[in-house]
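1. Sequence first, then the predicted structure, then my questions.
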Amino acid sequence: MTERGDYLQTKDVISAFENLLPIIHRTPLNQSSTFNDMAGAQLYFKMENLQRTGSFKIRGALNKITNLSKYAKRNGVIAASAGNHAQGVAFSATKQGIKSKIYMPEKTPMAKVIATKAYGAEVVLTGESFQEAYEAAIEDQKISGATFIHPYDDYEVMAGQGTIALEMIQQCSDLNTIVVPIGGGGLIAGVASLVKNFAPTIKVVGVQSTGAPATYNRFKGLGNHRLDNVTGIADGILVKESGRLTFPLINHYVDEIVTVSDEEIASAIILMLEREKMFVEGAGAAAFAAILSGKVNVAGKHVGVIVSGGNADIEKIPYFKRLAMSEKAKRKIVSL
């Protein structure tokens, strides 16, 4: 593909939107006067934690599976995921009467494993991170002949994720900036491609975990582009390298990328829980964490904040609270 990202166009996102419209939720774009005051901005939270299966991932998975040929559908689908893509694939496949098999990292939160099975998929736990699960799924796919549904490095998946931006622009015409979490890059690639071709004055900012900064490193020309290890509480964005297809789109369309620590993410999780009564996962809180910590300049602006998912492990709340109460995290919140 070219560096301009010609293979993901506005018409692809609109087509995906038409595919998804009968099935997915048009998630709300919420505001909080408390958070607006803290940030000195108008924040608009795109609540994909309220999406079917609990995250945005169903958008890309459903668009991809809907577009499969009848022959491909007969052979079933296979995927690798840290959890949310797994549920999106399982739900979408079962909805269309297709078999699904999902490889997930061994440390995937049990709530996500149980939910994936409940949506009808066969689940195989393997490896430390997404990368190992991905490699195992690819080997299985070569034998089974099932269609591999990539969690991010696929144009139809990216187009599905881009429908979030289309909804946000429809819901609030005043947006100046959209802040987006980044794992492998499918969400931000879809969002940025739609935004820059449809409303190019809107700034797109990506957020990665300091424990998994592969795309940040590559975007900035720093450090390793492929990480040996990833760590952190935002398991949904702990990816060892950016996508072959996603990165050119990110590099061309995204304005800035920042990183946030586990303490900053935990602070955002606890604030969302205490003030808005919403328990979101680490990846889902990453964009808000970047704003709370001052990593993104939002003063006086209208800012879209993508809350990408809510499939969190409730047993980890005490741990998140301890992280949020650390001196570093407390200083960053108070400074706003």
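-> Looks like it came in fine.
2. can you tell me the helix or strand for Q141?
-> Counting by DSSP states H and E, the element that carries Q141 is helix 130-144.
3. Show the pLDDT at N311.
-> pLDDT for N311: 89.
4. try A133
-> 90.
5. May I see the buried residues of stretch 253-265?
-> By neighbour count on 16 or more other CB atoms under 10 Å, the buried set for stretch 253-265 is 253-254, 256-265. Every C-beta, even on glycine, is put in place using the N, C-alpha and C of the backbone.
6. Need those residues in CSV (columns: pLDDT, distance to A90 and secondary structure).
-> Below are the buried residues of stretch 253-265 laid out as CSV (pLDDT from 0 to 100; distance: CB to CB, whole Å; DSSP: H, G, I helix; E, B strand; the rest coil):
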residue, pLDDT, distance to A90, secondary structure
Y253, 97, 30, helix
V254, 98, 30, coil
E256, 98, 34, strand
I257, 98, 31, strand
V258, 98, 32, strand
T259, 98, 31, strand
V260, 97, 29, strand
S261, 96, 32, coil
D262, 96, 28, helix
E263, 96, 33, helix
E264, 96, 31, helix
I265, 97, 26, helix
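7. nearest to A136, of those?
-> For the buried residues of stretch 253-265, the residue nearest A136 by CB to CB is D262; the value is 27.2 Å.
8. these two touch, right, that closest one and I237?
-> No. Applying CB atoms under 8 Å as the test, D262 and I237 come out as separate, 11.9 Å apart.
9. got any residues that touch both of these two?
-> 209, 282 (CB atoms under 8 Å, 6 or more residues apart in numbering).
10. Can you point out the helix or strand that includes the closest residue to D12 other than its chain neighbours?
-> By the measure of CB to CB, 6 or more residues apart in numbering, the closest residue to D12 outside its immediate chain neighbours is A159, 4.2 Å from it. A159 belongs to helix 155-171 when assigned by DSSP H and E.
11. For whichever helix or strand comes after that helix, which helices and strands make contact with it?
-> Using DSSP H and E, the helix or strand that follows helix 155-171 towards the C-terminus is strand 177-181. If you count contacts as 3 or more CB pairs under 8 Å, 6 or more residues apart in numbering; DSSP states H and E, strand 177-181 packs onto helix 186-198, strand 203-209, helix 282-292, strand 302-307.
12. In CSV, list the C-alpha atoms belonging to strand 177-181.
-> Presented in CSV, the C-alpha positions along strand 177-181 are these (Å, rounded to 0.1, in the frame of the first residue of the first chain):
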residue,chain,number,x,y,z
THR,A,177,-9.5,16.4,19.1
ILE,A,178,-10.1,12.7,19.5
VAL,A,179,-8.0,10.7,21.9
VAL,A,180,-7.6,7.0,21.1
PRO,A,181,-5.9,4.0,22.8
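13. partners of that strand in the sheet?
-> Sheet pairing for strand 177-181, assigned by DSSP bridges, gives strand 203-209 (parallel), strand 302-307 (parallel).
14. average pLDDT for the last one?
-> Read that as strand 302-307. The average of the pLDDT scores along strand 302-307 is 98.
15. Same question for stretch 267-287.
-> Averaging pLDDT along stretch 267-287 yields 96.
16. Flag every buried residue along it.
-> 267-273, 276, 278-287.
17. Return the residues in contact with the residue nearest to D12.
-> Neighbouring residues of A159 by CB under 8 Å, 6+ apart: 8, 12-13, 15-16, 60, 63, 190.
18. Kindly report the same for A283.
-> Contacts for A283 were tallied using CB under 8 Å, 6+ apart; they are 84, 181, 183, 234-237, 308-309.
19. again, but for H85
-> H85 makes contacts with 57, 60-61, 79, 149, 151, as judged by CB under 8 Å, 6+ apart.
20. Are we agreed that it is in a strand?
-> No. Under DSSP: H, G, I helix; E, B strand; the rest coil, H85 sits outside any strand and is assigned helix.
21. In helices only, show me the contacts of A159.
-> Of those, the ones assigned to helices by DSSP state H are 12-13, 15-16, 60, 63, 190.
22. Which one of these is nearest to K73?
-> N63 (14.2 Å).
23. what's near enough to touch that closest one?
-> N63 sits next to 16, 19-20, 156-157, 159-160, 163 when contact means CB under 8 Å, 6+ apart.
24. Put together CSV for those residues, with pLDDT and distance to K99 on each row.
-> Formatted as CSV, the contacts of N63 follow (pLDDT from 0 to 100; distance: CB to CB, whole Å):
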residue, pLDDT, distance to K99
A16, 97, 23
N19, 95, 21
L20, 96, 22
E156, 97, 20
V157, 98, 19
A159, 98, 24
G160, 98, 21
T163, 98, 26
